[in-house]
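Participant: structure for this input, please:
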Amino acid sequence: MPYALLPAADSDSPVLGIGLMSGTSADGVDAALVQLWDEAGEIRARLLDHRATGFSAQLQELIHSAFQDRLRIDEICLLHALLGDEYARAAADLATTTQSPIDFVACHGQTVWHQPEPPERGVHSLLANRRGTLQLGAAARIAVRLGAPVVHDFRQQDMALGGEGAPLVPWADVILFSHPLRSRAVQNLGGIGNVTYVPAGSTLKNGGAGVIAFDTGPANAWIDAAARIATGGRLSMDVGGELAREGTVNEPLLRELLAWPYFRRRPPKSTGRELFSHAQFEAIRKRVSEPVDLVATLTRFTAETIADQYLRWLGPINELILCGGGSRNAFLVSQIREVLPDVKVIRAEEIGIDPAAREALTFALLGYATLTGRTSNLPSATGARRHCSLGSICLP
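Facilitator: Residues are numbered from 1 along each chain as shown. Reported below is the predicted structural model:
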């Protein structure tokens, strides 16, 4: 049975938590200050504040070096400590906006490797049948700085139970996006794209009936890399999609990318920069002579992977709700609307949820669930053998 460190709060005295998230784009920390309580057996949350703290260019380069297996083990060790300090600073800065003490912090950490399936080659024989995931960011440094318990390392328990350790946001999406009459697809456009399908009437009380969630493929990761090339490093993203708008899609290359085996894999499934890697990007880059054409092709690729995966694996959709940094890319959004003409496409703020805060808010919810003794994975999404409590707890 999960262990409860905190009693469930009520609306008169809610718990105050901070959720921290840095994703596969590795561009900074999203921090959400959240009030949480129980009401009629359901968790309720109120977002009080949200801040995005960018990583320095040097830190981004270090993290990308870790993605690309270009750091020594001593450097990985020190990056773990450095990221802990970065998360602690982001949490402490956000905590100054309230007079109330922070009850807990929940930190996802920075994923530098995610191996949901055993590697096919290239590892020691003792590792050949192993699966694992690694997030950096020393939680003890956050706990000491904030003087509050920190819930961290959220993915390990689910993987120990045979799951992929991802996606974890669907449990929170049921709380945030469930509607009694409308079936919704909640699409995050971060470095990697992921979707949660929440059928009409699905709630945590009925176990998230019918919820499907998985990674759809790359979103901003390759688009951002192409934008850096197209602007000689002046821009780290395609602001508003203006570069893609100028380019022409390389149709033969697009069809080849859409034929990758990952897209034929049945959910549960998850992916990251291990599959959609820098090396793969470099190989694709050499196929396209004009940089803006590369941006255009990869933008269209993101849109078409979303449509392809929805048609393969999801049920009827009344509304598609966009979250994450890519939801601010107007041209990418227009491409998604084009490939899904029969679906109403909206941004999360249109239903009262800040799309930039959604993942940090999610980890505040997951941290509250852990501390109050709840399970918070959805085996239908991750493939785990059973429900479980997520995360380890570091006390100050």
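Participant: for the rest of this, base every contact and every neighbour count on C-alpha atoms.
Facilitator: OK.
Participant: now the helices for this structure?
Facilitator: Counting by DSSP state H, the chain has these helices, from start to end: 57-67, 73-95, 139-146, 156-160, 169-177, 220-230, 242-246, 251-258, 278-285, 291-313, 330-339, 358-371, 379-382.
Participant: what packs against the second one?
Facilitator: Same thing as helix 73-95. strand 15-22, strand 28-39, strand 42-54, strand 104-115, strand 132-136, helix 139-146 (3 or more CA pairs under 8 Å, 6 or more residues apart in numbering; DSSP states H and E).
Participant: quick one: the shortest one to strand 104-115, angle?
Facilitator: I take that to be strand 132-136. Angle, strand 132-136 to strand 104-115, by axes from the mean of the first three to the mean of the last three CA atoms, to 10 degrees: 130 degrees.
Participant: do the second one as well
Facilitator: Using the same axes, to 10 degrees, the interaxial angle of strand 28-39 with respect to strand 104-115 works out to 120 degrees.
Participant: in TSV: the helices and strands packed on helix 73-95, plus mean pLDDT, mean neighbour count and distance to V249.
Facilitator: Output for the helices and strands packed on helix 73-95, formatted as TSV (pLDDT from 0 to 100; neighbours: other CA atoms under 10 Å; distance: least, CA to CA, whole Å):
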stretch	mean pLDDT	mean neighbour count	distance to V249
strand 15-22	97	27	30
strand 28-39	96	24	30
strand 42-54	94	17	31
strand 104-115	95	25	30
strand 132-136	96	18	35
helix 139-146	98	22	44
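Participant: ok, which of the ones you listed comes nearest R72?
Facilitator: Across the helices and strands packed on helix 73-95, R72 has its closest neighbour in strand 104-115 (13.4 Å, CA to CA).
Participant: give me the sheet partners of that closest one and which way each runs.
Facilitator: Sheet partners assigned to strand 104-115 using DSSP bridges are listed as strand 15-22 (parallel), strand 132-136 (antiparallel), strand 150-152 (parallel).
Participant: nearest to L365, out of those?
Facilitator: strand 15-22 (7.9 Å).
Participant: centre of the chain to the closest one, how far?
Facilitator: 14 Å (CA atoms, centre = their mean, to the nearest Å).
Participant: same check on stretch 239-256?
Facilitator: Distance of stretch 239-256 from the chain centroid (CA atoms, centre = their mean) equals 24 Å.
Participant: which parts of that stretch are buried?
Facilitator: V239, G240, G241, E242, L243, A244, R245, G247, T248, V249, N250, L253 (16 or more other CA atoms under 10 Å).
Participant: R273: which of the helices and strands packed on helix 73-95 is closest?
Facilitator: Of all the helices and strands packed on helix 73-95, it is strand 104-115 that lies closest to R273, at 7.8 Å by CA to CA.
Participant: tell me the angle the closest one makes with helix 139-146.
Facilitator: Using the same axes, to 10 degrees: strand 104-115 against helix 139-146 is 160 degrees.
Participant: contacting residues around strand 104-115?
Facilitator: With contact meaning CA atoms under 8 Å, 6 or more residues apart in numbering, strand 104-115 is reached by 16-24, 26, 63, 66-67, 83, 87, 91, 131-137, 139, 143, 148-154, 271-274, 363-364, 366-367.
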